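> sequence first, predicted coordinates after that:
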Amino acid sequence: MDTSQLAFDDRPSLRAALVFTVFVLLGCGLLYELAGTALGRVLFPHQAQGTLIERDGRVVGSTLVAQPFADARYFQPRPSAAGYDPMAVAGSNQARSNPALRQSMAERRSIVAQREGLPESAVPGDLLTASGSGIDPDLSPAAAAVQVARVAKARGMSVDAVQALLRANTTPPQFGLLGEPRVNVLELNLALDAAATRPE
């Protein structure tokens, strides 16, 4: 058999494979991504920019990312196993049977109960456990409600006024069916700041 003829005959197949590879790399690896990004910016401009929240021309956070609030005048988010770092999103990956998880929950329960003036048995679960991402921006209405008295006292506001803001910033289940009611902590805290600067 003439091997040189065999090698020559393989060239069209090799050329077709190379053309197909380049087409797939450019089409699926570049053009598809560019088209998806452009379409997302057109159809969902706010979400495509990270759902950033601006106040007075300054970015103060994102509706999708929890952040800690040290001041007693603010509602506190869920604990974070990622240190509220969006570049290191993660849960603790600890099972319920893990003694370290039970210990951290007990410590958090004691801290929250003392901070909010509650019996430890009344502390809602989402103030004890981190979310799977570690940056869940939402709380249950119950977890926000136990913080109302502290926030009202620290701000010199009435409990009724803070509760009204909490109700106004509670999102119902999607389409009335999917998920549970939730409160975006950053948006609630910004509403509190806005109420404090509003003229009487």
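Thanks, I have the structure now. Numbers count the residues shown, from 1 in each chain.
> residue 189 is in contact with residue 77, isn't it?
No: under the criterion of Cβ atoms under 8 Å, residue 189 is not in contact with residue 77, lying 9.4 Å apart. C-beta: built from backbone N, CA, C; applies to glycine.
> tell me which helix or strand of the protein sits lowest on mean pLDDT?
Taking mean pLDDT, DSSP states H and E as the measure, helix 45-48 is the helix or strand of the chain with the lowest mean score, a mean of 65.
> any low-confidence regions in the chain?
Across the chain, residues meeting the criterion (pLDDT under 70) sit at 1-10, 45-50, 197-200.
> now the helices: where do they sit in it?
Taking DSSP state H to define them, one finds helices in the chain at 3-26, 32-43, 45-48, 99-116, 141-145, 148-155, 159-168, 185-197.
> to residue 124, which of those lies closest?
Judged by Cβ to Cβ, the one of the helices of the chain that comes nearest to residue 124 is helix 141-145, at 4.1 Å.
> how about that closest one, which residues are buried there?
141, 143-145 (16 or more other Cβ atoms under 10 Å).
> quick check, nearest of those residues to residue 72?
Each of the buried residues of helix 141-145 was checked against residue 72 using Cβ to Cβ; the closest is residue 144, at 14.8 Å.
> and for the closest residue to the closest one other than its chain neighbours, the neighbour number?
Ranked by Cβ to Cβ, 6 or more residues apart in numbering and with sequence neighbours excluded, the top spatial neighbour of residue 144 is residue 183, at 4.6 Å. Applying the criterion other Cβ atoms under 10 Å, we find 22 residues in the vicinity of residue 183.
> name whatever forms a beta bridge with residue 183.
residue 139, residue 170 (DSSP bridges).
> distance check, it against residue 139.
In this structure, residue 183 and residue 139 are separated by 5 Å, where distance is defined by Cβ to Cβ, to the nearest Å.
> what sits in contact with each of those two?
With contacts defined as Cβ atoms under 8 Å, 6 or more residues apart in numbering, the residues adjacent to both residue 183 and residue 139 are residue 75.
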